[in-house]
Structure formats: C-alpha cells, structure tokens
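A.B. asks: I would like to see how this sequence folds:
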Amino acid sequence: MSFRTALGAGFFSDEGLNVQTIFPPMPDRAGTFLLEGRADVALLAPPMYLPLIGEKEPIRVFANLLENDQMNLIVRREIAIERNLSADASLVERLEGIRGLKVGITPGPPVQLRVLFDSVGLDADQDLEMVILRGAEQNPAFEDGLVDALYAHSPFLEKAIVEQDAVILVDQSAGEVLELTDRQIHSLVAIRSYISDHRDAMVALTRAIHRAQQLIHMDQAATVDAILNSGIPNLDRTLVETIVSIYSPAIPETPQVSSEGIAKAHELFPAHRTAPDLTGIDLNDYVAAGIAEEAVAIPYEEGY
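C.D. replies: Below is the predicted model:
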C-alpha cells in the first residue's frame, strides 16, 4: 500500500525519480532479479529477504512499508450471530467462541495464528481445525462452506468481507495483538554498492514512501484514488476502499528500519519453509543506516 500510494499519487515523480515496476514470473524471484541486476530496488517480504541474508548476499534493507500483521481472522456473519461473537468481547472470549471451527489458511501463516492464540493462553492446533489452502482456493472454500472462517490477507480478505458477508473477528492490522505489531513486513531492499553509489536517489525514494505513509494516515479517500491510479489493472473501488480502511493502521508512521526488526521477522518465518540460519551473522550489516532518517528529516519542499 505504501509503495502503490506513492506511485499513484506521483510522489516518486515529485522527487525527480522515474520509477518503473517489473514483475518476475514468480513473486519469490524478486530477490533473484535484484541480485542479477535486473532491478535496482526490490520490494520484499521477510521470506524473500531473510534467505538472502542467510546466504550473506550483499543486500541492505532501507525502508519499512508495513509494521502490523496483514493477516486478519474473519468469520461468516451467521456464525458470529449464532455464537454471539461480539467485537466488544475480550480477545480470549472471541477466540474461545470459535472453538472447533474450520479455519482456511495458506501454508505459511499458521505461525502467526499460533502466536495469536498463544497470546491469550489458547492453543490454535487444539482449538481449531486448520484447513490448508492455496491462495486462490480461499474464497471459493469460504463461499462453498468448506471452511467457517479465514485467516487471510489482501486480496482474499476484502473479497470475503465485501462479497461473501464475512466479518472481522480479530483485527491484527489495527494492532490488536501486540506480539504481531511493530514489525518489518514489506521492505525496500537494494544491493549495498547500489545504495552507496545512488544514496541521494535512495533517500528520495524513501522520502516518497514517507509521504505516502503520511497520506494513508491522513486521507483514506486520496489513498484509494492513488492506488487506483497506480497501474494495477481491474481494481474495484469498493474492494480497495475496504482494504485501505483495514490496512491503514498497519502502515508505519515512518519507513525507518532496524536490525531488531529483521530479527523479529526471522522469529515469524513461514511455517511451511525452513527458516534460514542466521547464526553468527551481524544483522546490522544488512540495514542501510541513515537512509530513512535522512528522508524523514528532509520533507518535500511543497509540504505534505
């Protein structure tokens, strides 16, 4: 959202940057494109950049785009009514209220779901039936009643809410589960030498991201317009409005990064993959210190 808002609002152009997006044939190839020099900067999630760190590739993380979890727990409205599940109830009461339900989930996020239940002394593996689905299988399974709930992120999350009468039971994006907040989830990453040789451009890029983050927190309507103008084909305004309202609280106030954020991302590495071994690696070597701080300190001359 931070990147697409900056792109569609023209913030990169304001900084004198000609940002062009390229898409590998598979999303997990984005890091490879970066290493091969086919991209100057990559937008990577932890499962993409952490293995590069484990392999001691010469990368640095320099901007954080998302800090609260993008996963949210949603249920069928009729189930919420039948089980008297109220948003005003405590977190433990809501989770106890879905005991025994089938929850659709993709292979990686069981880590976060277990953290969610652990946070109130419950056991997701004992209290739920997790139904592992591929991404595109989630909404059909929810529609057909094969699962009672979804633990999902965009675009499956907003589709279930807008088109399938789902309601949010646990709003992790709003910071409801402290253990899943204050993270580095989506980050901008570049090769160390490129950052060194193009520092001004990296600062400008990060300043545009910071402007986008401020816009997201101040004006959701303008954010929706920017995303619709960012070049993603066939977007539905209602779906975009819904996900912007959900994800806005998950956007950091600034794009600053830290080695502690990388370590926390490593702790929540996806369940279906083996986490890279970071033993003996100084994570500070993989943070581009000062880029975000400089970007935030020098605001765009026309103001935000």
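A.B. asks: okay, now the unreliable bits of the stretch 201-304 of the chain?
C.D. replies: For the stretch 201-304 of the chain, the stretches with pLDDT under 70 are 299-304.
A.B. asks: go again with 80.
C.D. replies: Residue ranges of the stretch 201-304 of the chain with pLDDT under 80: 298-304.
A.B. asks: show me where it has its helices.
C.D. replies: In the stretch 201-304 of the chain, the segments counted as helices under DSSP state H, counting those that start in this stretch are 220-228, 237-247, 259-267, 291-297.
A.B. asks: what is the shortest one packed up against?
C.D. replies: It refers to helix 291-297. When contacts are defined as 3 or more Cβ pairs under 8 Å, 6 or more residues apart in numbering; DSSP states H and E, helix 291-297 packs onto strand 59-64, helix 199-218. Heads up, the C-betas are built off the backbone N, CA and C, glycines and all.
A.B. asks: touching the shortest one from outside, list them.
C.D. replies: With contacts defined as Cβ atoms under 8 Å, 6 or more residues apart in numbering, strand 59-64 is touched by 31, 34-35, 49, 52-53, 184-192, 195, 202, 205-206, 209, 252, 255-257, 261-262, 286-288, 291-292, 295.
A.B. asks: take the residues you listed and keep only those in strands.
C.D. replies: 187-191 (DSSP state E).
A.B. asks: okay, the residues you listed in CSV with neighbour count, pLDDT and distance to Phe117 next?
C.D. replies: Below are these laid out as CSV (neighbours: other Cβ atoms under 10 Å; pLDDT from 0 to 100; distance: Cβ to Cβ, whole Å):
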residue, neighbour count, pLDDT, distance to Phe117
Ser187, 25, 97, 27
Leu188, 26, 98, 32
Val189, 26, 98, 32
Ala190, 25, 98, 37
Ile191, 19, 98, 39
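A.B. asks: out of those, which is nearest to Leu116?
C.D. replies: Proximity of the ones in strands among the contacts of strand 59-64 to Leu116 (Cβ to Cβ) peaks at Ser187, which lies at 22.8 Å.
A.B. asks: coming back round to it: tell me the most buried of the helices and strands packed on helix 291-297?
C.D. replies: Stretch with highest mean neighbour count among the helices and strands packed on helix 291-297: strand 59-64 (a mean of 26; mean count of other Cβ atoms under 10 Å).
A.B. asks: tell me the first helix or strand C-terminal of that one.
C.D. replies: Scanning forward in sequence from strand 59-64 by DSSP states H and E, the next helix or strand is strand 72-76.
A.B. asks: pull the distance from the helix or strand following that next one to the chain's centre.
C.D. replies: Following strand 72-76 in sequence order, the next helix or strand is helix 77-82 (DSSP H and E). Centroid separation between helix 77-82 and its chain, computed with Cα atoms, centre = their mean, to the nearest Å, is 28 Å.
A.B. asks: next: stretch 137-144.
C.D. replies: Stretch 137-144 sits 22 Å away from the centroid of its parent chain (Cα atoms, centre = their mean).
A.B. asks: list the buried ones in that stretch?
C.D. replies: For stretch 137-144, the neighbour count (16 or more other Cβ atoms under 10 Å) marks 137-139, 141-142 as buried.
A.B. asks: equivalent analysis for stretch 19-35, please.
C.D. replies: Residues of stretch 19-35 classed as buried by neighbour count (16+ other Cβ under 10 Å): 30-31, 34.
A.B. asks: and what of stretch 104-119?
C.D. replies: Quick answer for stretch 104-119 (16+ other Cβ under 10 Å): 104-106, 108-117, 119.
A.B. asks: for stretch 33-45, same thing?
C.D. replies: Quick answer for stretch 33-45 (16+ other Cβ under 10 Å): 34, 39-45.
A.B. asks: which among those gets closest to Ser173?
C.D. replies: When those are compared against Ser173 (criterion: Cβ to Cβ), the nearest one is Ala45, at 15.2 Å.
A.B. asks: quick one: neighbours of Glu294, just the number.
C.D. replies: 16 (other Cβ atoms under 10 Å).
A.B. asks: in contact with it, which residues?
C.D. replies: Applying Cβ under 8 Å, 6+ apart, the residues near Glu294 are 203, 206.
A.B. asks: likewise for Val103?
C.D. replies: By Cβ under 8 Å, 6+ apart, the contact set of Val103 is 73, 113, 128-131, 147-151.
A.B. asks: with Ala45 instead?
C.D. replies: 185-187.
A.B. asks: per-residue confidence for it?
C.D. replies: For Ala45, the pLDDT comes out at 95.
A.B. asks: cool, Asp28 as well?
C.D. replies: Value listed for Asp28 in the pLDDT field: 82.
A.B. asks: doesn't it fall inside a strand?
C.D. replies: No. Under the criterion used here (DSSP: H, G, I helix; E, B strand; the rest coil), Asp28 is helix, not part of a strand.
A.B. asks: so it sits against Met48, correct?
C.D. replies: Yes. Using Cβ atoms under 8 Å, Asp28 makes contact with Met48 at a distance of 6.1 Å.
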